[in-house]
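>>> Quick one, what's the 3D model for this:
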Amino acid sequence: MEKKFRILRIIGTLWKVLAWIVLVGGILSALGILLAGALGSGGFILRLFEQETGVVPGALGIVSSIFGFIVALAFTIIYFLILYAVGELIYLMLAIEENTRKTMNAMEQAIRPEIEHSPSPPAPSP
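Numbering: from 1, shown residues only. So this is what the prediction gives:
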């Protein structure tokens, strides 16, 4: 049986590929946020705004980078799941269509022999 709707299959696959690209890029970005905070960008921000705090300057950068890492990772996972679900939804719709078509063909095959072997109606009497 031929596969219909090839372009929808391609689009579904593209959504899944996009989901994986977003996941990898998001994880790398989250790690970049974590590394930027750990390497002292927090102290740089405090010096930029000329503010003094009672905490160690690097501690604020580490805490904010951990928070940023967790938030970025959470959003990345949510986006990944949404994009992957869209791709799977397209494949689900295609599977429903295929199964419906197969069921219809099977029902037609089951009914067709009954129609071909049924006795013809009696001829009208004059």
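>>> buried residues in stretch 15-35?
Of all the residues in stretch 15-35, those buried under the rule 16 or more other CB atoms under 10 Å are 15-16, 18-19, 22-23, 26, 29-30, 33-34. C-betas here are computed from N, CA, C, even on glycine.
>>> if I pick residue 73, what's in contact with it?
26-27, 30 (CB atoms under 8 Å, 6 or more residues apart in numbering).
>>> Turn the residues you listed into TSV, columns for secondary structure and pLDDT.
Formatted as TSV, the contacts of residue 73 follow (DSSP: H, G, I helix; E, B strand; the rest coil; pLDDT from 0 to 100):
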residue	secondary structure	pLDDT
26	helix	97
27	helix	97
30	helix	94
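>>> Any chance of a markdown table for those residues, columns distance to residue 11?
Below are these laid out as a markdown table (distance: CB to CB, whole Å):
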| residue | distance to residue 11 |
| --- | --- |
| 26 | 22 |
| 27 | 25 |
| 30 | 28 |
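>>> now, which of those residues sits nearest residue 94?
Taking CB to CB as the measure, residue 26 is the one of those closest to residue 94, at 28.0 Å.
>>> from what I can see the closest one touches residue 80, true?
Yes. Assessed by CB atoms under 8 Å, residue 26 is found in contact with residue 80 at 7.2 Å.
>>> Looking at the chain, which helix is longest?
Scanning the chain for the longest helix, with DSSP state H as the assignment, gives helix 57-117.
>>> now that helix: how far from the chain's centre is it?
6 Å (CA atoms, centre = their mean, to the nearest Å).
>>> element containing residue 37, please.
Per DSSP states H and E: residue 37 is located in helix 6-38.
>>> ok and that helix relative to helix 57-117, angle-wise?
Helix 6-38 runs at 170 degrees relative to helix 57-117, counting by axes from the mean of the first three to the mean of the last three CA atoms, to 10 degrees.
>>> so what secondary structure elements neighbour helix 6-38?
Packing partners of helix 6-38 (3 or more CB pairs under 8 Å, 6 or more residues apart in numbering; DSSP states H and E): helix 57-117.
>>> Fine by me, we can end here.
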